[in-house]
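**Q** have a look at this fold, sequence not included:
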């Protein structure tokens, strides 16, 4: 235990070497924890997935600066990742838990008809909607989108109107 004190210091008396050693260990541990947490913790970015990033950063930063005891703080980080992983696994088998944790998609536009209720529930403005349609179709016209969905991770997916039917008349016979 004395070796840990020498290498990582005591919270009230940390020098540059102690902080550097703590930062190195926290960096490696965080990398391992995020890999154990799975790709979901790195890519999805739903509110559930963002929790692991924010909590892990907040908790583990305390270990680096000595605001909390080193080893118990590392243990707290491990618990956060294990909980994230466990809830993620349980969500696979429980649609109810999955919906509670990650929410559900909202159809904002279907065949040119805007669902204002879903837009309000998703806090999506007309400008947000037109911008998403413009990015996908090049037009801000609602009729250029067959379907627009606010996904569970907050992204807006636009399915453009099938252009093939309008171009069939232009093709040589």
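**A** Perfect, thanks for sending it. Computed from a prediction, not measured in an experiment: that's the story for all the values here.
**Q** output the contacting helices and strands for the lengthiest helix in the chain.
**A** Determined from DSSP state H, the single longest helix within the chain is helix 70-93. Counting contacts by 3 or more Cβ pairs under 8 Å, 6 or more residues apart in numbering; DSSP states H and E, helix 70-93 packs against helix 2-8, helix 16-37, helix 40-43, helix 47-65, helix 95-102. (Glycine included, C-beta is placed from N, CA and C.)
**Q** 6 Å instead?
**A** helix 16-37, helix 47-65, helix 95-102 (3 or more Cβ pairs under 6 Å, 6 or more residues apart in numbering; DSSP states H and E).
**Q** just those: most buried one?
**A** helix 47-65 (a mean of 17; mean count of other Cβ atoms under 10 Å).
**Q** on that earlier part again, could you dump the helices and strands packed on helix 70-93 to a markdown table with distance to residue 155 and mean pLDDT?
**A** Below are the helices and strands packed on helix 70-93 laid out as a markdown table (distance: least, Cβ to Cβ, whole Å; pLDDT from 0 to 100):
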| stretch | distance to residue 155 | mean pLDDT |
| --- | --- | --- |
| helix 16-37 | 21 | 83 |
| helix 47-65 | 13 | 85 |
| helix 95-102 | 13 | 90 |
